[in-house]
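Chemist: make a model of this:
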Amino acid sequence: MLAPLTSLEKKIFKQIKNFDTPSISNALELIDPALRSKGHTQKTMHCSNPLLKPIVGFAKTAVITSRKKRNTNIIKNRDKYYEYMYDGDYPKICVVEDRDKHNTIGAWWGELNVSIHSNFGFVGAITNGAVRDLQTLDQKFQILSGEIRVGHGYNQIHKIKCKVNIFNMDVYPDDIIHADLHGAVIIKREYLKELPSALDKMIKKERTIIDFMKKNKTFSKKQFLNKYKKFLQKK
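Modeler: From the prediction side, this is the model:
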């Protein structure tokens, strides 16, 4: 069972919404260098509303397909899915793996499901599958998808509350996710308290180069290389 957010964690959730997802990824790399190559999406995704601020929430997961004709448990499976998605009064992000991948013929995400999940307390959804109804979606609900489709095919739920994979990002139920127009990244809960200081350190480190470039319109190759060397050595 998911432990409630502490007051400090709630504060950090609000704080990290002000940073884009690449910045969060950079900061996590300072905490755990192994995260350079895992824990984030690794393919360009379609963003339903690039103007939205980043979303942060706990993952609720499911596996779907849309290409094969529906099985006899369609109603039962959907009942279980919506019961699971309804539960929880914390910020939620729905993460749906479409096993048809780029061969999908239908979109799970459209005006209907966005309306339902938004009222269930979700701030957005992430899928390697498809989205549709782009002009009528709730613009406060963010969707990162792998495809855009016209129809919904034979959409059916196969699993809920399970491990899923979205473009090389493994997601488990209740994982913390940060996402924006660039993609998504997993934040281990044990890293959450370290994240603000890591962000501060990362920003200060990058400012050494950015500020140098802004202040010095002309500089020698040696000056730049010396400055960049210090940047690389700075921890």
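Chemist: going forward, measure contacts and count neighbours with C-alpha atoms only.
Modeler: Noted.
Chemist: quick check: mean pLDDT across the longest helix along the chain?
Modeler: For the chain, the longest helix by residue count, based on DSSP state H, is helix 195-215. Taken as a whole, helix 195-215 carries a mean pLDDT of 91.
Chemist: after it, which helix or strand is next?
Modeler: Next along the chain after helix 195-215, taking DSSP states H and E as the criterion, comes helix 221-233.
Chemist: now do that following helix and helix 195-215, the angle between them.
Modeler: Angle of helix 221-233 versus helix 195-215, following axes from the mean of the first three to the mean of the last three Cα atoms, to 10 degrees, is 180 degrees.
Chemist: so which elements touch the longest helix of the chain?
Modeler: helix 21-31, helix 221-233 (3 or more Cα pairs under 8 Å, 6 or more residues apart in numbering; DSSP states H and E).
Chemist: for Gly183, which of those helices is the nearest?
Modeler: Relative to Gly183, the nearest member of these by Cα to Cα is helix 21-31, separated by 7.1 Å.
Chemist: what does that closest one rub up against?
Modeler: If you take Cα atoms under 8 Å, 6 or more residues apart in numbering as the criterion, helix 21-31 is touched by 16, 35-36, 40, 54, 178-180, 182-185, 187, 191, 194-195, 198-199, 202.
Chemist: in helices, which of the residues you listed appear?
Modeler: 16, 195, 198-199, 202.
Chemist: which of those residues sits closest to Val150?
Modeler: The shortest approach to Val150 among these belongs to Ile16, at 34.8 Å (Cα to Cα).
Chemist: relative to Val63, how far out is that closest one?
Modeler: 28 Å (Cα to Cα, to the nearest Å).
Chemist: and for Asn18?
Modeler: Here the criterion is Cα to Cα. By it, Asn18 lies 31 Å from Val63.
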